[in-house]
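**Student:** compute the structure for the input listed below.
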Amino acid sequence: MRYLLFIVFLLSIQSVSSQRDRSAKLGTLDQNVKPTSRNTSVKDTSATKEVKKAPYDFYRIISLQKDTTYVDTSLTIKKEYEYNYLRKDIFGLLPFANEGQTYTVLDYGLKKFAAYPELGHSGKHFNYLQIDDIKYYSVATPITELYFKTVMEQGQSVDAFITVNTSERFNMSVAFKGLRSLGKYINQLSSTGNFRFTTSYNTLNKRYYLNFHFTGQDFSNGENGGITTLEDFESEDPAFQNRARLEVYLKDAKSFMKGKRYFFDHNFRINTKKGNNNLYLTHQFTYETKFFEYNQKTLASTVGNTQILHFGEAYVSGGINDQSRYNRMHNKVGAIYENALLGKFQFFAEDYRFNYFYDKVLILDSGIIPGSLSDEINTVGGQYEYRKNKWNGVFTYSNSISNQSLTNFNAQLKYQINAKNELQFQYQMLNKIPDHLYNLHQSSFIGYNWYYDFKNEKINNLEVMAKTQWFNAAMQISSLNDYLFFSNDATDPQQQIVTPKQYDKTINYLSVKVSREFKWWKLALDNTVLYQQVDQEDDVLNVPQIVTRNSLYYTDYFFKKALYLQTGFTFNYFTKYYANDYNPILAEAFVQNTREIGEFPMVDFFVNARIRQTRIFFKVEHLNSRMTGNTFYTAPNYPYRDFMIRFGLVWNFFQ
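**Tutor:** Predicted coordinates for the structure are as follows:
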């Protein structure tokens with residue numbers, strides 16, 4: 001609630017006098033202005049004077065790496081793909097039945113590798129905004145964006161955002177994304193919130209630049225463990241069309257995670273005037289806290305007429321309440337020498353400290369389970385950046401100088417052939433410290449207590465991408481050694497006793513993804529096909545061989561071009577494979593090789609429209625669900641979404 005009050009406060013002060021003056025000079029954004037039309041003006045008939053409108057490139061969105069894009073209110077097939085809970089294209093991710101739950105990863109290439117250890121509980125991090133997900137802004141006039149979408153039952157999904165420049169040198173933005181959805185199955189309630197605040201500042205002489213952000217995020221989910229009797233679901237018995245009649249493993253379990261982060265990124269140019277040779281001092285600071293909790297009131301689950309312990313024996317008879325806490329502080333200081341001809345040379349040092357802890361030490365027959373992990377990691381490294389003409393390259397190397405073994409080499413190179421064609425190359429060689437959850441976990445469930453000292457994962461990853469006027473293509477080749485994963489130790493198929501493992505052999509992964517859109521008249525066919533292959537001695541890394549998405553749609557203007565309409569069908573499909581199952585105690589996917597899912601088509605029908613800066617979305621999801629049989633699953637015991645109708649909008653205000 002305090003975040004919402006803060007948003008209301010900022011909305012009330014956005015018309016400050018300096019911004020009002022700036023708005024009077026620049027007017028509002030003209031969506032039809034061309035990049036060269038920086039002096040476009042329109043006739044104000046009420047005031048009989050000309051009011052200039054700000055061109056689109058006065059509304060900038062800036063990443064942490066200083067890459068710049070612009071506010072875009074167009075309606076394209078890409079906007080259709082991005083109209084979802086994550087607000088991005090989710091090709092390669094398969095959502096669970098209720099909004100706000102976790103996802104099954106179909107495309108292993110979506111996984112990003114980082115050298116420093118993280119908390120774990122990756123199933124809770126799909127909607128967790130990381131440092132690189134936060135954008136900074138510079139806008140001519142205040143901008144507001146409102147997102148709304150209906151959910152499965154009893155709730156809504158909203159995202160409200162506003163950004164304002166009080167002067168040309170100072171910007172701030174505030175946003176809140178919230179979700180509540182009851183879901184169709186027993187104990188499936190999702191309730192989440194993402195608050196974010198950013199500010200950017202630079203001095204008048206442009207020697208000092210600062211970016212700051214704060215995020216407060218929380219995710220609460222009812223965890224039902226999946227349905228107990230697949231035959232009831234697959235029978236297509238009308239009695240079970242009401243999904244709340246299907247029995248689930250857990251009727252009163254839930255998981256909860258929250259996190260807060262403070263982040264500074266600032267730099268100072270030592271020489272008073274920018275010239276062909278410049279020297280900068282840089283500093284990044286991060287402080288982040290996370291809390292994870294799993295609750296389960298009733299220990300036993302009912303399958304038919306039988307009582308089972310789905311997660312094995314426990315130290316208590318009920319009222320499970322597992323909690324873990326985590327905090328980290330990261331400082332990175334460096335110096336940059338910039339030469340107009342040679343590029344940028346940076347040298348840096350990093351200090352990374354973490355604490356991962358529980359409230360007790362366990363003394364078990366199998367050994368002592370400590371109450372915490374904490375360490376300090378120091379690294380030094382360098383980075384070379386070259387941006388000139390058609391070439392753009394960034395090469396980074398860092399290595400630990402403390403007791404831990406940590407190495408990261410990352411090379412990115414881009415060659416722009418012309419305005420419509422470019423090639424990209426990326427190579428990463430990583431010696432990664434394991435995430436904390438692999439090394440330590442405490443639980444009231446007996447089988448979920450461990451303390452390990454796993455080796456670092458060794459990762460070699462090569463990506464080649466081509467973005468052309470005819471098609472987009474990407475190839476990824478990865479070699480994984482000492483790969484860490486979770487698997488089930490239970491022999492009873494109704495039980496899950498999931499623990500971490502380390503694979504001592506090499507895994508080789510290959511993927512090729514091709515996208516191409518064909519257009520004729522007012523029709524278009526947009527296609528994306530992914531091919532994956534894994535070379536391994538044991539089935540540890542399981543992926544579908546083929547994943548495809550095809551959209552056939554029609555577009556046209558109506559009502560004297562006041563309305564732009566987009567309507568069509570989207571077809572999604574992936575081949576059968578042994579998909580990972582999901583464990584709610586750990587909020588992690590785990591390897592299983594007993595049940596395959598896949599080979600079911602998912603067809604959506606959509607009608608979208610744009611009126612000025614408002615985009616309206618209407619979709620019939622999985623319209624073929626009752627035609628192809630109830631064999632659609634997101635994970636072995638979790639059915640995919642049924643037929644449903646959803647709608648909403650994205651509304652932009654330029655003031």
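**Student:** quick one, helices of the stretch 401-550 of the chain?
**Tutor:** 436-439 (DSSP state H, counting those that start in this stretch).
**Student:** okay, strands next: where are they in it?
**Tutor:** For the stretch 401-550 of the chain, applying DSSP state E, counting those that start in this stretch gives strands covering 407-418, 421-432, 440-441, 450-451, 457-467, 472-481, 483-488, 498-503, 507-520, 523-535, 546-558.
**Student:** can you put those strands in CSV and add mean neighbour count?
**Tutor:** Every residue, glycine included, has its C-beta placed from N, CA and C. Converted to CSV, the strands of the stretch 401-550 of the chain look like this (neighbours: other CB atoms under 10 Å):
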stretch, mean neighbour count
strand 407-418, 16
strand 421-432, 17
strand 440-441, 22
strand 450-451, 16
strand 457-467, 17
strand 472-481, 17
strand 483-488, 18
strand 498-503, 20
strand 507-520, 15
strand 523-535, 17
strand 546-558, 16
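**Student:** and Asn327, which of the ones you listed is closest to it?
**Tutor:** strand 440-441 (15.1 Å; CB to CB).
**Student:** and the closest one, what does it pack against?
**Tutor:** Packing partners of strand 440-441 (3 or more CB pairs under 8 Å, 6 or more residues apart in numbering; DSSP states H and E): strand 450-451.
**Student:** of all the strands of the stretch 401-550 of the chain, which lies closest to Ser173?
**Tutor:** strand 407-418 (27.5 Å).
**Student:** between strand 457-467 and that closest one, find me the angle.
**Tutor:** 0 degrees (axes from the mean of the first three to the mean of the last three CA atoms, to 10 degrees).
**Student:** run through who's touching strand 407-418.
**Tutor:** 115, 381, 390-400, 422-431 (CB atoms under 8 Å, 6 or more residues apart in numbering).
**Student:** for that strand, the averaged confidence score.
**Tutor:** Strand 407-418 shows a mean pLDDT of 93.
**Student:** okay, now the sheet partners of that strand, with direction.
**Tutor:** strand 391-400 (antiparallel), strand 421-432 (antiparallel) (DSSP bridges).
**Student:** can I get the longest one in CSV, CA atoms only?
**Tutor:** The C-alpha atoms that make up strand 421-432 are tabulated as CSV, following Å, rounded to 0.1, in the frame of the first residue of the first chain:
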residue,chain,number,x,y,z
ASN,A,421,21.5,-6.2,-41.6
GLU,A,422,23.9,-7.0,-38.8
LEU,A,423,25.9,-9.8,-37.3
GLN,A,424,26.6,-10.5,-33.6
PHE,A,425,29.0,-12.8,-31.9
GLN,A,426,29.3,-13.6,-28.2
TYR,A,427,31.6,-16.0,-26.4
GLN,A,428,31.7,-16.7,-22.7
MET,A,429,34.0,-18.8,-20.7
LEU,A,430,32.9,-19.1,-17.1
ASN,A,431,34.1,-20.7,-13.9
LYS,A,432,30.9,-20.2,-11.8
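**Student:** tilt between it and strand 483-488?
**Tutor:** With the same axes, to 10 degrees applied, the angle from strand 421-432 to strand 483-488 works out at 70 degrees.
**Student:** specify the angle between strand 421-432 and strand 472-481 in degrees.
**Tutor:** Taking the same axes, to 10 degrees, one finds that strand 421-432 is oriented at 10 degrees with respect to strand 472-481.
**Student:** and strand 421-432, how far out from the chain's middle?
**Tutor:** 20 Å (CA atoms, centre = their mean, to the nearest Å).
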